[in-house]
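Undergrad: starting from these lines, generate the structure:
(4 chains)
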2 protein chains.
Amino acid sequence: MTDEAIGKYLSIARRAHASLLDKQLAEADISHGQILLLATLYQEDGICQQTLCQMYNLNKAAVGRGLNKLSKIGFITKEIDPEDKRKKLIYLTSKARDFEAEFREILEASEEKLRSGLSEEEIATFLTVIKKICSNLGANVENQEG
Amino acid sequence: MTDEAIGKYLSIARRAHASLLDKQLAEADISHGQILLLATLYQEDGICQQTLCQMYNLNKAAVGRGLNKLSKIGFITKEIDPEDKRKKLIYLTSKARDFEAEFREILEASEEKLRSGLSEEEIATFLTVIKKICSNLGANVENQEG
DNA sequence: TGAATATAGTTGATAAGTCAACTATCTCTT
DNA sequence: AAGAGATAGTTGACTTATCAACTATATTCA
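TA: Prediction:
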């Protein structure tokens, strides 16, 4: 089990973080599965689902269902790409835009909590290592800024 | 989103790792949800479910269901603790014992894959940081050896 | 002793993710 | 142009996990 340590802590840390996010976003009717999607759309909307899959190494079914939840709370619309009718382009609604500042605050607060007591150097190494782990596992995460 | 980096990579790495483990353990009818439980029982069985909850900050329903799966494939039995009839003590079967060596090999191989290309020092820092993150998140992971 | 409370485990509802099968559209090759 | 194969998205079945409600047993304390 000593040998299993990295996998073990990935599991524990991920669950704990997801729980925290769920609590902090419960009022907004958002849960952790929608966070990466929404955060990405705040940076750039009008993208298609496949793009989101690639950015996070997420299954297309997971992306489709996550977006459906955002759609149900009126945060996004899907429009068929006129240039390729297989694709659906995802656009944020004004309701989503109104939530952006609050969303950022919540995310920043949770990231602060995660990082508390850690030095800049430790965090930098951690990020380098976890990216390498992702790539070792075949999760070719799109590098949108480092 | 730069600020969200740690949470993002925790999610990506954990999913990728779980997928890998599922593939490697599929033949044995085991999936990633049973790994921490089984690995712990190989170290020490005759413990109760609550102990497993505490070690991994896992919900008791999750532990109960994970153990039910191990029970279905004939890997464990549950016996009521004669000293406290609320508790059920979990024991490995001989079928589980027969699988131990193979299980260890699979786990070690997956951990090797995770770690490839990383220095001892990077891994040490990574483990220190992720443990700190767990504790920042309130996941008070029991320290069974470091 | 007996009532209130705490603890161990189970069950039901729900969320998030995987895989595989499916539809629809597009592209490539001949 | 037509058919084969690739790509985008949806749906169904399944796994892991959460929370809340429940049962059963233990403990505490009045």
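Undergrad: pLDDT score for the closest residue to residue A:42 other than its chain neighbours?
TA: In this structure, residue A:42 finds its nearest non-sequential neighbour in residue A:100, 5.5 Å apart by C-beta to C-beta, 6 or more residues apart in numbering or on different chains. To be clear about C-beta, it is placed using only N, CA and C from the backbone, and glycine gets the same treatment. Residue A:100 is assigned a predicted lDDT (pLDDT) of 97.
Undergrad: helix or strand for residue A:100, which one?
TA: Taking DSSP states H and E as the definition, residue A:100 sits inside helix A:94-115.
Undergrad: so after that helix, what's the next helix or strand?
TA: Taking DSSP H and E, what comes next after helix A:94-115 is helix A:120-136.
Undergrad: where in chain A is pLDDT low?
TA: Applying pLDDT under 70 to chain A flags residues A:1-4, A:141-146.
Undergrad: and stretch A:28-42, end to end?
TA: 16 Å (C-alpha to C-alpha, to the nearest Å).
Undergrad: any idea how far the residue nearest to residue A:42 is from residue B:130?
TA: Distance of residue A:100 to residue B:130, computed by C-beta to C-beta, to the nearest Å: 30 Å.
Undergrad: so between these two, which is more surrounded?
TA: For residue A:100 versus residue B:130, neighbours defined as other C-beta atoms under 10 Å in any protein chain shown are more numerous around residue B:130 (23 against 14).
Undergrad: sec struct for the residue nearest to the more buried one when sequence neighbours are not counted, please.
TA: Spatial nearest neighbour of residue B:130, chain neighbours left out: residue A:9 (4.4 Å); criterion: C-beta to C-beta, 6+ apart. Under the three-state scheme (DSSP: H, G, I helix; E, B strand; the rest coil), residue A:9 adopts helix.
Undergrad: who's in contact with residue A:9?
TA: Counting by C-beta atoms under 8 Å, 6 or more residues apart in numbering or on different chains, residue A:9 touches B:127, B:130, B:131, B:134, B:141.
Undergrad: selecting buried members of those residues in PyMOL, what would you type?
TA: Listed next is the PyMOL selection for buried residues among the contacts of residue A:9, using 16 or more other C-beta atoms under 10 Å in any protein chain shown:
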select buried, chain B and resi 127+130+131+134+141
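Undergrad: host element of the spatially most central residue of chain A?
TA: The residue lying closest to the centre of chain A (C-alpha atoms, centre = their mean) is residue A:36, at 1.6 Å. Here residue A:36 is covered by helix A:35-43, with elements defined by DSSP H and E.
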